[in-house]
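Enquirer: output the structure for:
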Amino acid sequence: MTATPLHWKLVVDAHDPHAQADFWAAALHYEVEDHSTLIAKLLDLGAIQPGILLDHHDRRAWRDAAAVRHPDDPYDPESGTGLGRRLLFNRVPHAEKTAKNRLHIDLHGPTGERDTEVERLRALGARVESHIQEPGGEWVIMTDPEGNEFCVH
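Expert: Below is the predicted model:
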């Protein structure tokens, strides 16, 4: 019997999940998930309190979580939750980065466009940490606005 592949998402601890979601949506050309329909339904039912919400991009959003999804992947229209490639940013206490990432994202832009892509990401708020040239390849190590490392190939 063949096992069914698991659905997964990458969860990132964040100081400001909405700023991180905005950055990564722009960096990856993804969409920030809109959970406002689900939030309105839960508010109407009295299942949640307004204190766990905020207004972001002129809509209600979870105060402590935000997510981005690939624009071509399916999503649940009732909840706004992506059902494919997805990053979830959760607010956690003491989210400041203090050590090297054990997991990171590699971005692969169009062939021959790495420098252009690096400049685009810098304009979004990323920082260049180093430029690596090795016999096996060349890439740029960058950090997002909260200091999480990622590579651009």
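Enquirer: all helices of the chain, in order?
Expert: Taking DSSP state H to define them, one finds helices in the chain at 17-28, 36-44, 114-124.
Enquirer: what's the last one packed up against?
Expert: By that I understand helix 114-124. helix 17-28, strand 137-143, strand 149-152 (3 or more CB pairs under 8 Å, 6 or more residues apart in numbering; DSSP states H and E). For the C-beta atoms, the positions are set from N, CA and C on the backbone; glycine is no exception.
Enquirer: also the first one?
Expert: Packing partners of helix 17-28 (3+ CB pairs under 8 Å, 6+ apart): strand 31-32, strand 65-69, strand 86-91, helix 114-124.
Enquirer: just say which of the helices of the chain is most tucked in.
Expert: Among those, ranked by average contacts under mean count of other CB atoms under 10 Å, first place goes to helix 17-28 (a mean of 21).
Enquirer: which other residues reach it?
Expert: Helix 17-28 is contacted from outside by 12, 14, 30-33, 54, 56, 61, 64-68, 70, 87, 89-91, 107, 121, 124-126, 144-146, using CB atoms under 8 Å, 6 or more residues apart in numbering.
Enquirer: strand 86-91 and that helix, what's the angle between them?
Expert: If you take axes from the mean of the first three to the mean of the last three CA atoms, to 10 degrees, helix 17-28 sits at 150 degrees to strand 86-91.
Enquirer: low-confidence regions, this structure specifically.
Expert: Along the chain, the model assigns pLDDT under 70 to residues 95, 97.
Enquirer: ok, 90 please
Expert: Residue ranges of the chain with pLDDT under 90: 1-8, 93-103.
Enquirer: just to revisit the earlier point, okay if I get the helices of the chain as CSV plus distance to C151?
Expert: Converted to CSV, these look like this (distance: least, CB to CB, whole Å):
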stretch, distance to C151
helix 17-28, 12
helix 36-44, 34
helix 114-124, 10
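Enquirer: which one of these lies closest to G137?
Expert: helix 114-124 (10.8 Å; CB to CB).
Enquirer: list of residues touching the closest one?
Expert: With CB under 8 Å, 6+ apart as the contact definition, helix 114-124 has outside contacts at 23, 26-27, 107, 109-110, 128, 138-140, 142, 152-153.
Enquirer: just give me the closest of those to Q49.
Expert: F23 (28.6 Å).
Enquirer: so which of the helices of the chain is nearest R102?
Expert: Between those, helix 17-28 lies closest to R102; by CB to CB that is 17.9 Å.
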